Structure formats: C-alpha cells, structure tokens
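**Q** Okay, structure incoming, though there's no sequence with it:
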Ligand SMILES: [Zn+2]
C-alpha cells in the first residue's frame, strides 16, 4: 500500500494523493484521493503547472473528500490530460464542486487576460502561460462526477472497498476507509472543528493499519465556541464605534454561511447593532442554496430553522451583491457596514478592491475569520506588514485588524487526537499542514505511543512500512533551518 503525495505535503493546499494498492492476482490499482489546486502566493500557484508524474488514464478512479478548491481544483487539468474514469463523491460535494470549478475557471481566464494586458505593454504577451482550464473543461469534468458516496455505505471499486464517513468539515465532507486485501487505511480529508461550524461532528473512525491525517491546526487548541462568539461580537462592536467599513474576507463555502448565521443570531439577540451586511460573493450566495438542499447534515438549530421555512443565513439587513459594478458601488456607501467577500486569503476576488479602498483608513476594521497562508496577502497583513501591494498599488495597513481563530472549520489538536483515539494503533502519516506545525505534532503522537511520520513531497512512501527516523523524511530541513535560509535570501 503505497502513497505519493503530489500536494498538501508539508503545505496546506493542493491536496492530491496517489494510492497504489495491491490487487488480487498480483496486479496493482491506482486511486487518486482529491485533486486540489495550490493556493496562497505565486510560488505555490506555479506548482499547479507541474506535470502529473503518472498517466491519468491508468487511474481506476478519483475520490473526492470534499469540494474545497484545494481538494478539487486540479481535476479539470487531469481531464484535459486524458482522465475519463469515474470521480466518486457525495451528492453535496458534486453540487458544490461544480460551483467551485466554474468559479475557478472564470478566475483563471480573467487572470490570464489581465496578465496578457500587462505583458503586452512590455511586448511579452507570448510568454504568458494559457489559463489552466476554461469553462468547457469544467463541463467535461462535471460529467465524470459520480455522487454515489453515502456515509456508512461501502462502494466497491474493482477489488477495493471504500466506505465514506462524515468528516464534519464542510457540507458533504467525508473521510474514507479504504480496504484492500492487504490492509485498512483511513484518508482523513479535512476534519471538522467539533467546537464550531454548521456541521455535525465527525463519526469516530474504526480501527485501521494506517491513517493519513490532515494537520492544519495540529499544534493548537481552538477557543471554545462561546468565547469565539464573544470575541467576534466585541470585534464587531468596536468596529461599529470606529464608524468605517468592516471587511470580512471569507471562503464562499461553509465559512460564509457560518458567518451569516452567526451575524443573524447576534443581531436578532441585540448583541450587535443592525448595520447593513453586504454579501459580495456570488459563489457564496450560490453555495448557500445547497445548504437548504442538504439541511439534514447540519447542527440541530440550523436544521430546525430550515424545517420551519426560515432562512438561518439571512440577517435582516443583508444585501446580496450580484454584479461587479454593484460591488464597486458599495464603496460609496457612507457609514459602518459589514462587507463579506472572497477570497478568504485575500489573494484574489472582490475583497481586493474593498481592501484597496479601505485598508489605509484608520476607521476601517478587518476581521479575519479564516486560515491565512504565510505567503498570502492575508498572511502578510496578519504578520503586521505596514504596507501591502494590492492590484498593483502599495496600500498602507492602517485598519484595525482582528484575528478570530475559533471559526475554523478544521480540527485542532484535541479533535485530531479524539479522531485517532478510536482508530486502534495505526501508523499515522501527516499531510495538509505547515512543516512547523507537523514538527509539533509528531512528538505528541509519540507521547501516545503512536508512530507519526511527515509525508514527503512527491516521494513515494510505503504506508505499511517502518517510516522514518524521528518521523522526518531524509533530507527534509527543519522548519527553523528552512526559514533562516529563506530570510538570508536563499531558497
Ligand atoms: Zn477543506
């Protein structure tokens, strides 16, 4: 049972894991678990153009754990390169993946046109690489989606048994129990935060020989939900007093719905003044429809509201902003208002022009409710940059920045250990985390008597093998050594 990670190895985006499983009769089968886009800065995004080190036509199937772009965003490239097999996922994942991929194609094409315009001034338009994919590629990809995964139901792919279970991360998210003649493996996908969010908690996993686990927040414990609500309320109250715009960059799926639901609850309870709320994300508005469709998966108060015909995602002052022209007009609106826009790491999308208009004003508040990759625009603001470059202009950071970690849809260390606690004595393989975070988690696992290994980028690992000394692949620098080298100008 071998795995080659072609994304989300020592980083948190680009999830893609190639499994090679022994089949009956001595042959092997290849399964691809997720096919995500790298996001969060130019260096990472350049990796989306790396060739696949396998022939897409050899895959028995692709299995998606959930519809976030960093788990599905390279699928159309796989299809462009000849993949024609089934893509198994849950029904909500199929619905959301279509929305996510169409949006991604649109951004690819817009980005390409913008790059060509810029390059033309330098006479270098021929050097601009084409978009990764376009809308037609997405249509061909969506035609391969097979929404046949149901929680607790086993699907047979050739002689491999795949049983998805609730992961509690976003609508439709699953982790996978994969059983071959050889062994039982769990692929965690992204696991939910049991403290927050709209999803029910993950289902405790059964015993397995190996677990490949995400580690986004494996080094910390989230605040309890009640404290997060107080922190969010206080940040909003303070922001209203400053009198300017309150910018909330947000991912379109799950986070946007969680924030809308929380704003409605706080406003209805009189905890936060009823100021206008602009939802400036057509994708979030579209994704919200799927929450109505699959309301059974949600926490009881949300599910009950939906059953009673209410809209739990609609604060009374909500304005949904459909067009880019209307998005520009919000900047002329006077007085405090909340603007919820994508994308979550501020690396693109409508949030950028709101930042350009407002980040330099001391009356503005930036309320960060999502993970920020260190190399992203959001990451640099969180780290205290005094000025940042947005859409070709240097903009001073004078806004009041609030970072609220408790909204995370990702498991924290306690959640991850709770997940592992029912999985027997598995060999634990760490993916989907920054190196510095995984370095904290390996000894924690060791303290519990579990062997934990950091999964290397690209190199094949034997999931049933002995692993690496001290959990580190040979030649991997420590996060500290790597960062020192980077700040000295090297790479
Ligand atoms: Zn995710």
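**A** Structure received. Here the structure is a predicted model, which is why all the values come from computation and not from measurement.

**Q** Low-confidence ranges, this protein, go.
**A** Applying pLDDT under 70 to the predicted model, the residue ranges of the chain that meet it are 484-491.

**Q** how about the residues of it near the ion?
**A** Proximity of the chain to the ion (Cβ under 5 Å from the ion) is limited to residues 68, 190. From N, CA and C alone the C-beta is placed, and that goes for glycine too.

**Q** which one's the longest helix in the chain?
**A** Determined from DSSP state H, the single longest helix within the chain is helix 91-121.

**Q** which helices and strands sit right next to that helix?
**A** Contacts defined by 3 or more Cβ pairs under 8 Å, 6 or more residues apart in numbering; DSSP states H and E place helix 91-121 against helix 69-72, helix 75-80, helix 135-142, strand 145-149, helix 282-293.

**Q** Can you say which of these is packed in most?
**A** Mean neighbours per residue, mean count of other Cβ atoms under 10 Å, is largest over these for helix 69-72, with a mean of 26.

**Q** now what about that one, what contacts it?
**A** For helix 69-72, the external contacting residues (Cβ atoms under 8 Å, 6 or more residues apart in numbering) are 7-8, 12-15, 34-39, 64-65, 97, 100-101, 104, 189-190.

**Q** Restricted to strands, list the residues you listed.
**A** Cross-referencing the contacts of helix 69-72 against strands under DSSP state E gives no overlap.

**Q** rewinding a little: go through the helices and strands packed on helix 91-121 and name the closest to residue 219.
**A** When these are compared for distance to residue 219 using Cβ to Cβ, the nearest one is helix 69-72, at 19.5 Å.

**Q** quick one, what contacts residue 273?
**A** Shown in contact with residue 273 (Cβ under 8 Å, 6+ apart): 237, 240, 267.

**Q** That one and residue 165, how far apart?
**A** The spacing between residue 273 and residue 165, counted by Cβ to Cβ, to the nearest Å, is 42 Å.

**Q** any chance you could map the strands in the stretch 251-400 of the chain?
**A** Listed in chain order, the strands found in the stretch 251-400 of the chain under DSSP state E, counting those that start in this stretch are 277-280, 318-320, 337-341, 365-368, 387-390, 393-396, 400-403.

**Q** Now mean neighbour count too, for those strands, in a markdown table please.
**A** Below are these laid out as a markdown table (neighbours: other Cβ atoms under 10 Å):
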| stretch | mean neighbour count |
| --- | --- |
| strand 277-280 | 25 |
| strand 318-320 | 16 |
| strand 337-341 | 25 |
| strand 365-368 | 25 |
| strand 387-390 | 15 |
| strand 393-396 | 12 |
| strand 400-403 | 17 |
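
**Q** could the ones you listed go into CSV alongside distance to residue 251?
**A** Converted to CSV, the strands of the stretch 251-400 of the chain look like this (distance: least, Cβ to Cβ, whole Å):
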stretch, distance to residue 251
strand 277-280, 13
strand 318-320, 17
strand 337-341, 11
strand 365-368, 12
strand 387-390, 19
strand 393-396, 22
strand 400-403, 16
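
**Q** Quick one, which of the ones you listed gets closest to residue 23.
**A** Evaluated with Cβ to Cβ, these place strand 365-368 nearest to residue 23, the distance being 46.8 Å.

**Q** Would you map the helices across the stretch 101-250 of the chain?
**A** All helices of the stretch 101-250 of the chain, identified by DSSP state H, counting those that start in this stretch, fall at 135-142, 225-242.

**Q** for the ones you listed, which one sits closest to residue 250?
**A** Between residue 250 and those, the shortest separation by Cβ to Cβ is 12.7 Å, and it involves helix 225-242.

**Q** Counting by contacts, list what the closest one packs against.
**A** Secondary-structure packing of helix 225-242 (3+ Cβ pairs under 8 Å, 6+ apart): strand 245-249, helix 255-268, strand 365-368, strand 400-403.

**Q** hang on, the earlier thing: list the buried residues of the longest helix of the chain.
**A** Within helix 91-121, the residues that qualify as buried by neighbour count (16 or more other Cβ atoms under 10 Å) are 91-109, 112, 115.

**Q** Could you dump the helices and strands packed on helix 225-242 into TSV and include distance to residue 85?
**A** Converted to TSV, those look like this (distance: least, Cβ to Cβ, whole Å):
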stretch	distance to residue 85
strand 245-249	36
helix 255-268	32
strand 365-368	39
strand 400-403	42
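
**Q** just checking, which of these sits deepest inside the structure?
**A** Mean neighbour counts were taken over these using mean count of other Cβ under 10 Å, and the top value, a mean of 28, falls to strand 245-249.

**Q** Which one of the strands of the stretch 251-400 of the chain lies nearest to residue 45?
**A** strand 387-390 (15.9 Å).

**Q** What lies in contact with the closest one?
**A** By Cβ under 8 Å, 6+ apart, the residues outside strand 387-390 that reach it are 352, 355-356, 359, 377, 380-381, 394-397.

**Q** Just name whatever secondary elements the helix or strand in which residue 418 is found is in contact with.
**A** If you go by DSSP states H and E, residue 418 is part of helix 413-421. Here helix 413-421 is seen to pack against strand 210-214, helix 435-447 when contacts are counted using 3+ Cβ pairs under 8 Å, 6+ apart.

**Q** ok, back up a step: in PyMOL, how would I select just the buried ones from the contacts of strand 387-390?
**A** One line in PyMOL is enough to select the buried ones among these; burial here means 16+ other Cβ under 10 Å:
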select buried, resi 352+355+356+359+377+380+381+395+397
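
**Q** The ion: which of the contacts of strand 387-390 is nearest?
**A** Distance from the ion was checked for each of the contacts of strand 387-390 by Cβ to the ion. The minimum falls on residue 377, at 19.8 Å.

**Q** Let me see the contact set for the nearest residue to residue 440 once chain neighbours are set aside.
**A** Using Cβ to Cβ, 6 or more residues apart in numbering and skipping the chain neighbours, the partner closest in space to residue 440 is residue 219 (3.9 Å). Residue 219 makes contact with 413, 436-437, 440-441 under the criterion Cβ under 8 Å, 6+ apart.

**Q** Just the buried subset of those, please.
**A** Applying 16+ other Cβ under 10 Å to those, the neighbour count classes 413, 437, 441 as buried.

**Q** Just the buried residues of stretch 40-60, please?
**A** Buried residues in stretch 40-60, counted by 16+ other Cβ under 10 Å: 40-41, 44-45, 47-48, 52, 56, 59-60.

**Q** any idea which of those residues is the one closest to residue 226?
**A** Using Cβ to Cβ as the measure, the one of the buried residues of stretch 40-60 that approaches residue 226 most closely is residue 40, at 30.7 Å.
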